[in-house]
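J.: Would you be able to build a 3D model of this:
(3 chains)
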Amino acid sequence: MERIATVEELRQRRESYRERLELRERSNDPERVVRIRVGLDDCGIAAGARETARYFRREVERRGLEALVVPVGCMGFCDREPTVEVILPGREPVVFGSVGLPEAERILEDYLGHGTLPETVLCLPRRFFFPGAPEGPGDDDSGREGGEG
Amino acid sequence: MNGNTVGLTIDRKTMSVPPGTTILEAASAAGIRIPTLCHMKLEDLEYENNPGACRICVVEVEGRRNLAPACKTECTEGMVVHTHTPRVMNARRTVMELILSNHPAECLTCSKNGYCDLQKVAHDLGIREIRYRGEESVFVPDRSPAIVRDMNKCIMCRRCETACNTIQTVGALTAVNRGFRAVVATAFGRDMAGSTCSYCGQCVSVCPTGALSGRSHTDEVLKALADPEKIVIAQTAPAVRTALGRDFGYEAGTLVTGKMVSALRELGFDYVFDTDFAADLTIMEEGTEFLNRLRAEDADGERAKLPLMTSCCPGWVSFVEQHYPELLPRLSTARSPQQMFGSVAKRYFARLLGVERRRLVVVSVMPCLAKKYECSRLEFAVDGNPDVDVSIYTRELARLIRYANIDFRALPDGEFDRPFGESTGAGVIFGTTGGVIEAAMRTAYELYTGRPLPEIEFVRLRGMEGIRSATVDFDGKPVRIGIAHGLGNARRLVEEVLAGKSPYDAIEVMACPGGCIGGGGQPFHRGNMEVLRCRADALYREDAGKPLRKSHENPCVQELYREVLEEPCGPKAHEWLHTRYFDRKNGGTEDSGPEK
Amino acid sequence: MTIGWQVLVCGGTGCRASQSERIEKALKEEIRRCGLEDEAQVIRTGCFGFCEKGPVVKVIPDNTFYVQVRPEDAEEIVSEHLLKGCRVRRLLYVDPETHLRVSDSKHIGFYRKQLRIALRNCGFIDPENIGEYIARDGYAALGKALTGMTPEEVIGEIERSGLRGRGGGGFPTGLKWKITRQAPGERKYVVCNADEGDPGAFMDRSILEGDPHSVLEAMAINGYCTGASKGLIYIRAEYPLAVERLKTAIGQAREAGLLGDDILGSGFSFDVEIRYGAGAFVCGEETALIRSMEGQRGEAMVKPPFPSERGYAGCPTNVNNVETYANIPVILLKGADWFAGIGTERSKGTKVFALAGKINNVGLIEVPMGTTLREVIFGIGGGIKNGKKFKAVQTGGPSGGCLTEKHLDIPIDYDNLLAAGSMMGSGGMIVMDEDDCMVSMAKFYLDFTVEESCGKCAPCRVGNKRLHELLQKITGGKGTEEDLERLRNLALVIRDTALCGLGQTSPNPVLSTLDNFRDEYLAHVREQRCYAHQCRDLTQYFISPEICRGCTLCARACPVNAISGERKHPHAIDPLLCVRCGSCLEKCKFGAVRVR
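T.: Presented below is the predicted three-dimensional model:
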């Protein structure tokens, strides 16, 4: 490591290492940030969910968004893969279907940027998909898990 | 309070003391005696052992949660101290019982019986039973030629360690192991003979119990005295007469020369001589050697063999052999007075008596433990017959006197026998620090300048400071003298020599603090510095009262040179009165130091 | 490619002992095999604290907490979780109460009630990467102090925070810094006490393994405040991983200029050196620690003088413990008020405890001062193993005392624990259940202190040994009621008179069990019974003849042939031969073997 000669340089150095730690810090306290949950699993991956997830990650970093991209398992909405759930802090989760890269951009621009639902993307509140279930399938990042088998 | 004193109360007595005073010191000044086992302080010698380890001196200080060790607790303003509350006394007694529970109860057969601090404090505390019993230490006693260690009696006061490491810088003893197995030992658990011990015996002087004691040779003496075939000769060192009386109730520093001589006769010695005679002889040799080296330097400017270092003290010689063998050429080759006496007795006196040397038994009475080791060195024997057969120390002589039912105080004052009872005041002062070099100067001055001394007492050479120096004017030639007592001080002078920075032409060293008067074989001073001061004063008194005070004026010495020795430092003198040294940096050599 | 996954693998000593290094390797291998190198990182962190369930692996960003992971599980974690986003359910923690699987550590009872300040970075950052520390505001406190605060301001902040020494004594940290600052002296030292010696305690080790820079930073801050330019970390050589991580951290900090000359352009210079201890418990006592660092025998010295006045090499020395230092940077960044807002009135902040013994969640926890014992043991610790009954908890290690049912609702802080007859100590907490004999427990701790006493002062050297012997006598069935009185008196005297903290506190386990479990002692001495069946000499195995079917299983299991009997007839145990191993009890299918 290069010598840090001043407090200002120390601050700069801190910034350059933030990214590594930000992922951990946000994941430790996810309720504070925007959570972008991308359904992977086989059907999602086949429909291009991996690329969608990568796109979100890259853009979150590039735009400096306070967001956490969390890959999750199957959300059960298999004819609309890739499926993405977005949770804005304090808001009801919204599920987006068939999220390719253009749709992903709209989600970032409209929903994350302005809080409005993009017109071109299929989107519904989570409860529409999973009535009665407090937590959706496909794993949940709240950490509280159901049933022991 | 004002800035310079601290006011406090001890046992309802109010007092004010200088800042930095401990409770123990403050109490002592106020006449309150708090018992201790580990603490010991000899201010003139800069000896202080104060580890706060025995916990016998604990006192109650109001406001403090735990009891405080009086030896380590400084007085503070307004402090209220109680030294004998039930809580304190219970703690003190319990701790004493603990110490005693790991101490062999063999007081009656212990060499320290009657002189033991542990015994005394236990008695004062009125210990009648030991409630806490259990495992006891089982160390194997270690017997060296001069010192016996019975570590089962060690109470970990660490006084010996302080004496050996801080004062003497010998480093033979240190605490090892942990917990219950902790004990003071030599490196790698060797016996003392295999350690760096110089046998100065200072550890024995300060030991509060019988853990460290001198090796006893009284049986050998009694055997010789009882043997009608043997002619038994005593020689007594100067320091002995200043201290022997203490064991018979005399004040410290009382000269008991005459009674000592009578006692030795009563014991059955055939001849009672004075080592002081040999001290005069030593001055003739050492003084001449010094002048020779001084003149050699004058002649070719070489300082190779200066400063000359005295060689009277076997502890010091052993120290140089083990720690500084590169300086052995600086040591005077003159034997110590004990060995000069033995040599002359066995060679010359035997001839005078017309008997074989083996019929003579030479017993030296010394203030010293190292002398036992010295007379066992092989270079001081002829065909296996040692020049000095047995060396006993002052306390051993006292023991012999009591053993033989002699009422010491009732004895008449006796006179030393001739011819080796004749001595000068110069020989007498050998017993105290600075004495050897003062005696040497009295003679060297006159031999060098050819004129009588204007002032016989070199007051500048006297005193108790650890290192002293003075310059004596030899008719325009400044002779620079350095004096050290205690091996730690000696080490400082030696380091100067090694660094090429020593300003001295001659250095006197005595291994024991205070010189021979503070020797390891003397009656215990028990931490009382006054005792040592009185002994030194006594020697100077005896010197002042002597008609002859310069060694070269001793008629018997003069006669000896006329009869046999021819001249100081001559070939004959060399054969009889000089010796050689050994490099013992890595342990002993076969030539020296085996156990007798 | 942007990193989307971070897999944190615990690299603490405990998890490494159960192959966490192999897990790490296997994970990396799998990630490479699946072509995920660009999106997934494996990061080795310090200890997570939940050692009971180690090895621990945590997956980011969904914060999945995998427990008891084996190297073979790496494949599934990567192929299911990282590739497909599906958690490996079988590796999730199961809540013992609800029997539900919990994926996020935040919702595990063990973590829910913790507040991690000293441990803030442990299990979170890569301790071998200074960048991660800096990203967590590392060295920002040092920068703040050096460029924006005077030493007095920093000390004032620490004082106001109310932080007290976490090593056990609880001395106000700010005050200690102030005293060291004010002590006159050209040279001063900063010492970090990392000689953690309590049985079962590993708070300091975890911090050094998981977040070494926080200690280095705090030491530098201390150097700035006290005027020292040199820091020394005294760490036991038995902590090789902590030593390794420290060395790496020191190297990185020097390279970054955060140690060395002119730190952050402030003109302040400071460097740190590691000193190794050989694992003596007493060297955790600051004066013994200093002596050990000086190369001397590790034994305690009487205080005062305190190290802050005269410590290492005779210079003023600030000695703080690892956990204390770890708190410093956060206090400076978040402010004294924030810190002082946590905890109780006289004990601020949090405390790290090492939970051990008969408790479900063995591990390392950090809770706010004032948390009750009940919450720690039953909330965080998950209660007693195997549904047994709680009996006592020993806090403060061998220096502390045991606390019982009636103490469970005491808010933990320095003063409350002291008042309850125990102490905070460095944070060891050993839980005992109904099967534990409290006399044996006291004996166990005495065993330790007897072994670890330095042997300097008599009460500790001999007293603890005798205390231990008395306990042996009692557990051996030979004790009397008078022995209980002896035990108490001795324990009180040792506490009152011993030289250092080790000795003064070593009787605490005895005193607190005597107070809280007197009946148990009485059963041992009056009835010769140990109801916990832990004292072998007081335990008897016998076979109930009514129940025994004579199946011979027990006789065949007995290693000493103490059981005899014919087939299909009741068997019997010869109590003289029986070694009370319990094999028969284990083997018997009918419950015929009984213990008394």
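J.: How much space separates the closest residue to C:Leu364 other than its chain neighbours from C:Thr350?
T.: For C:Leu364, ignoring the flanking residues on the chain, the nearest one in space by Cβ to Cβ, 6 or more residues apart in numbering or on different chains is C:Gly49 at 3.9 Å. Where you see a C-beta, it was placed from the backbone N, CA and C, and this is true even at glycine. C:Gly49 sits 13 Å away from C:Thr350, going by Cβ to Cβ, to the nearest Å.
J.: between these two, who's got more neighbours?
T.: Per other Cβ atoms under 10 Å in any protein chain shown, whichever of C:Gly49 and C:Thr350 has more neighbours is C:Gly49, with 31 against 26.
J.: pLDDT value on the more buried one, please?
T.: With respect to pLDDT, C:Gly49 scores 90.
J.: For the residue in the stretch 351-500 of chain C that chain B sits nearest to, give me its contacts.
T.: The nearest approach of the stretch 351-500 of chain C to chain B comes at C:Gly455, 2.3 Å away (Cβ to the nearest Cβ). By Cβ atoms under 8 Å, 6 or more residues apart in numbering or on different chains, C:Gly455 lies in contact with B:156, B:175, B:177-183, C:299, C:461.
J.: got the contact list for residue 48?
T.: Defaulting to chain A. So A:Gly48 contacts A:82, A:100 (Cβ under 8 Å, 6+ apart).
J.: switch to chain B, that's the one I care about
T.: B:Glu48 touches B:40-42, B:162, counting by Cβ under 8 Å, 6+ apart.
J.: How many residues are close by B:Asp298?
T.: Going by other Cβ under 10 Å, the residues that sit close to B:Asp298 add up to 10.
J.: Look up the closest residue to it, ignoring the ones flanking it.
T.: That would be B:Lys477: by Cβ to Cβ, 6+ apart, it lies 7.9 Å from B:Asp298.
J.: Please name the bridge partners of that neighbour.
T.: Legend: beta-bridge partners of B:Lys477 under DSSP bridges are B:Phe474.
J.: Report the separation between it and B:Gly434.
T.: 21 Å.
J.: and the next element down the chain from whichever strand or helix holds C:Gln41?
T.: Per DSSP states H and E: C:Gln41 is located in strand C:40-45. The element immediately downstream of strand C:40-45 (helix or strand, assigned by DSSP H and E) is strand C:57-60.
J.: and that following strand, is it in reach of chain A?
T.: Yes - Strand C:57-60 is in contact with chain A by Cβ under 8 Å from any Cβ of the partner chain, via C:Ile60.
J.: Beyond that strand, next helix or strand please.
T.: Next helix or strand after strand C:57-60 toward the C-terminus (DSSP H and E): strand C:64-66.
J.: Make sure I have this right: B:Thr14 is in a helix.
T.: No - per DSSP: H, G, I helix; E, B strand; the rest coil, B:Thr14 lies outside any helix segment and is strand.
J.: What distance do you get for the residue nearest the centre of chain A to C:His81?
T.: Chain A has A:Ile36 as the residue nearest its centroid, 1.4 Å off, counting by Cα atoms, centre = their mean. In this view, A:Ile36 and C:His81 are 18 Å apart by Cβ to Cβ.
J.: In terms of secondary structure, what does the longest helix seen in chain B contact?
T.: Using DSSP state H to define each element, chain B has its longest helix at helix B:275-300. Where contact means 3 or more Cβ pairs under 8 Å, 6 or more residues apart in numbering or on different chains; DSSP states H and E, helix B:275-300 is packed against strand B:231-236, strand B:308-309, helix B:337-344, helix B:425-428, helix B:435-449, strand B:477-485, helix B:555-560, helix B:571-577.
J.: deepest of these, which one?
T.: Of all the helices and strands packed on helix B:275-300, helix B:425-428 has the most neighbours on average by mean count of other Cβ atoms under 10 Å in any protein chain shown, namely a mean of 30.
J.: Report the mean per-residue pLDDT for that helix.
T.: Mean predicted lDDT for helix B:425-428 stands at 92.
J.: That one packs against which elements?
T.: Against helix B:425-428 (3+ Cβ pairs under 8 Å, 6+ apart) you get helix B:275-300, helix B:435-449, helix B:529-544.
J.: any chance of these in CSV, plus distance to C:Val190?
T.: Formatted as CSV, the helices and strands packed on helix B:425-428 follow (distance: least, Cβ to Cβ, whole Å):
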stretch, distance to C:Val190
helix B:275-300, 54
helix B:435-449, 50
helix B:529-544, 42
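J.: returning to that earlier point: which neighbours in the sheet does the strand holding C:Gln41 have, and how are they oriented?
T.: Strand C:40-45 is paired, per DSSP bridges, with strand C:5-10 (parallel).
J.: can you give me the strands for chain A?
T.: Here chain A has its strands, by DSSP state E, at A:34-39, A:67-72, A:84-87, A:94-97, A:122-125.
J.: Can you tell me how far the residue in the stretch 401-550 of chain C that chain A sits nearest to is from C:Thr324?
T.: Closest approach between the stretch 401-550 of chain C and chain A, counting by Cβ to the nearest Cβ: C:Gly427, at 24.3 Å. Distance of C:Gly427 to C:Thr324, computed by Cβ to Cβ: 12 Å.
J.: Now do the shared contacts for those two.
T.: Both C:Gly427 and C:Thr324 are contacted by C:Arg166, under the criterion Cβ under 8 Å, 6+ apart.
J.: quick check: angle from the longest helix of chain B to helix B:435-449?
T.: 50 degrees (axes from the mean of the first three to the mean of the last three Cα atoms, to 10 degrees).
J.: Can you tell me the SS state at the residue of the stretch 351-500 of chain C closest to chain B?
T.: Assigned state for C:Gly455: coil (three-state reduction, three-state DSSP).
J.: what sits against the nearest residue to it once chain neighbours are set aside?
T.: In space, and not counting its chain neighbours, C:Gly455 is closest to B:Ala182: 2.3 Å by Cβ to Cβ, 6+ apart. Each residue near B:Ala182 by Cβ under 8 Å, 6+ apart is listed here: B:156, B:175-176, C:453-456, C:461.
J.: let's go with 7 Å and repeat that
T.: B:156, B:175, C:454-455, C:461 (Cβ atoms under 7 Å, 6 or more residues apart in numbering or on different chains).
J.: who in chain B is up against chain C?
T.: Contact residues, chain B versus chain C (Cβ under 7 Å from any Cβ of the partner chain): B:51-55, B:58, B:66-67, B:69, B:72, B:90-91, B:94-95, B:98-99, B:101-102, B:131-132, B:134-135, B:156, B:175, B:177-180, B:182.
J.: Out of those, name the ones that lie in helices.
T.: Counting by DSSP H, the residues of chain B next to chain C place B:90-91, B:94-95, B:98-99, B:101 in helices.
J.: For C:Ser506, give its distance to chain B.
T.: For C:Ser506, the distance to chain B (Cβ to the nearest Cβ, to the nearest Å) stands at 11 Å.
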